[in-house]
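Visitor: no sequence on this one, just coordinates:
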């Protein structure tokens, strides 16, 4: 159990300042416990108190992170405020951060559920503060997404704004009736208010209403902005962002107070690259994809990162450690069996080395290790997009990583051109890459290669890309489970007959099959002799990297 105590939250709490008078602060916080969840609209000025399990710690933060990522990704994909944007974001909010209204019938179960939902919202915000306070870039991203989430909630729950103002001691000066009567028409014209009825107008310094001033949606006189009740959203979101930005800096300064707790820090480090979708350990296509289909699948259904590795492997017959890990786990997530992957790796590598050298290389051990048959026998899961993007980039001669993140613009353009992406779409993809929207760029690649105006899903995993592609194509390439060797012979026959049908006779094809089977048999015999491979020190170093990650 991780204690959630004031040493973590003191640097976050803008209201009570820095360290000191902890017991007094605790008494004041506990006095507010009964009313701190009174409204769904929260400024997050009071840190949470109490205990929370490590599982809840991670899951709670991950649910909120899912919503923030949906806000960020859909904000790039659609125009903020558009119907498609509102629908996509509210769907994620409803699924991961639901908040029940106060107007519900107040039964014991409803009250308990409502309190749990608001507690989760409260705690998850402060957990992500810890995870995203450490760099300027992370703080900016978190502030922008949280501000947008706060704005969406204000617009969705406008009927609770008055209660929110009272609860947070935000005393905006209400314009008296006699003054309002003289200026009402000016205020209505400036704020474009056409509905009839009594207006409630607040007088605030114009510097707190800069967003309204910028868009000429407020009446200003003698340095004061006359803000109608309906326009308070802009004022409140500005205040929310300013307070959050200051609190994140205080949080970063106080973070060393918990840096020695490995349980907390390991979770915080993982949250920035966390993937919360299907881990693809049990793929829907298990046993239905064979190695012989890879040439076709690589062009139709592989994401760019895996297509790049596959093409390098096919051309060079060798890939380095990072690419081997990334590609092998992707094949595993596709549903290809361990024996097929072992055979595929052996046949590709043995185009440049003999079977004995391959047996000593440790590559076969690595495949068994990733499938949970060696070492700690833990079942590895394929890498998600965030892990690939934020991981170590490829060095000279490497081909792993994300092409949109790790390739320079010229090489990426050449690669996309070789993949027959139209120039107009290449420019659009390069624009997204320049803005560091790598997953959005990959989604655009999917839309272009599948002739779709909208991908229809948020891309977070290479195997997710593969499954979505297969569904879009109607699983046309699914021909059932096949052995690698028999499929390889069939594809070899087809390619030979098309390339040199007039020169190669049926007897020659039969001889090539016999010789190929003899080579395979001799390779299998050598492999059996070297069932316990001799691994070099460099191979042990490469393999240890994976085990150290698990630790």
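Guide: Perfect, thanks for sending it. The shown structure was predicted, so the numbers you read here are calculated from the model rather than taken from an experiment. Numbers count the residues shown, from 1 in each chain.
Visitor: Now do the contacts for residue 421.
Guide: The neighbours of residue 421, taking C-beta atoms under 8 Å, 6 or more residues apart in numbering as the test, are 429, 445, 448, 449. From N, CA and C alone the C-beta is placed, and that goes for glycine too.
Visitor: Give me the nearest residue to the third one, chain neighbours excluded.
Guide: Of all residues beyond its chain neighbours, the one nearest residue 448 is residue 425 (4.7 Å), with distances taken as C-beta to C-beta, 6 or more residues apart in numbering.
Visitor: swap in the second one?
Guide: Spatially, and ignoring its direct neighbours in sequence, residue 445 is nearest to residue 304 (5.9 Å; C-beta to C-beta, 6+ apart).
Visitor: so what's that neighbour scoring on pLDDT?
Guide: On the pLDDT scale, residue 304 is placed at 95.
Visitor: Could you check how many residues crowd around it?
Guide: For residue 304, the neighbour count with other C-beta atoms under 10 Å is 24.
Visitor: ok, it touching residue 442?
Guide: Yes: applying C-beta atoms under 8 Å as the test, residue 304 and residue 442 come out as touching, 6.4 Å apart.
Visitor: Return every residue with contacts to both of those two.
Guide: Shared contacts of residue 304 and residue 442 (C-beta under 8 Å, 6+ apart): 402, 404.
Visitor: Sitting in helices, which of the contacts of residue 421 do you find?
Guide: Judged by DSSP state H, those include 429, 445, 448, 449 as members of helices.
Visitor: who's in contact with the last one?
Guide: Residues in contact with residue 449 (C-beta under 8 Å, 6+ apart) are 300, 419, 421.
Visitor: pLDDT weak spots in the stretch 101-250 of the chain?
Guide: 102-110, 195 (pLDDT under 70).
Visitor: ugh, typo on my part, it should be the chain
Guide: For the chain (pLDDT under 70), the answer is 1-36, 102-110, 195, 273-279, 281-287, 476-551.
Visitor: mind listing the strands for it?
Guide: Using DSSP state E, the strands of the chain run over residues 2-4, 50-52, 173-174, 201-205, 219-221, 224-228.
Visitor: and the ones you listed, which is most packed in?
Guide: Counting by mean count of other C-beta atoms under 10 Å, strand 224-228 has the highest mean neighbour count of the strands of the chain, with a mean of 23.
Visitor: next one: that one to chain centre, how far?
Guide: 40 Å (C-alpha atoms, centre = their mean, to the nearest Å).
Visitor: same question, stretch 153-170
Guide: 31 Å.
Visitor: again with stretch 324-344
Guide: 23 Å.
Visitor: before we move on, what about stretch 84-98?
Guide: 16 Å.
Visitor: Helices along the stretch 251-400 of the chain, start to end?
Guide: Secondary structure of the stretch 251-400 of the chain, counting by DSSP state H, counting those that start in this stretch: helices at 262-271, 294-300, 304-316, 321-334, 338-349, 355-361, 363-370, 385-390.
Visitor: which of these is buried the deepest?
Guide: helix 321-334 (a mean of 23).
Visitor: looking just at contacts, which helices and strands does it meet?
Guide: helix 304-316, helix 338-349, helix 363-370, helix 462-472, helix 537-550 (3 or more C-beta pairs under 8 Å, 6 or more residues apart in numbering; DSSP states H and E).
Visitor: could you give the angle of the first one to helix 321-334?
Guide: Angle between the axes of helix 304-316 and helix 321-334 is 110 degrees (criterion: axes from the mean of the first three to the mean of the last three C-alpha atoms, to 10 degrees).
Visitor: What is helix 304-316 packed up against?
Guide: helix 294-300, helix 321-334, helix 403-406, helix 462-472.
Visitor: can you do 7 Å?
Guide: On a contact count with 3 or more C-beta pairs under 7 Å, 6 or more residues apart in numbering; DSSP states H and E, helix 304-316 meets helix 294-300, helix 321-334, helix 403-406.
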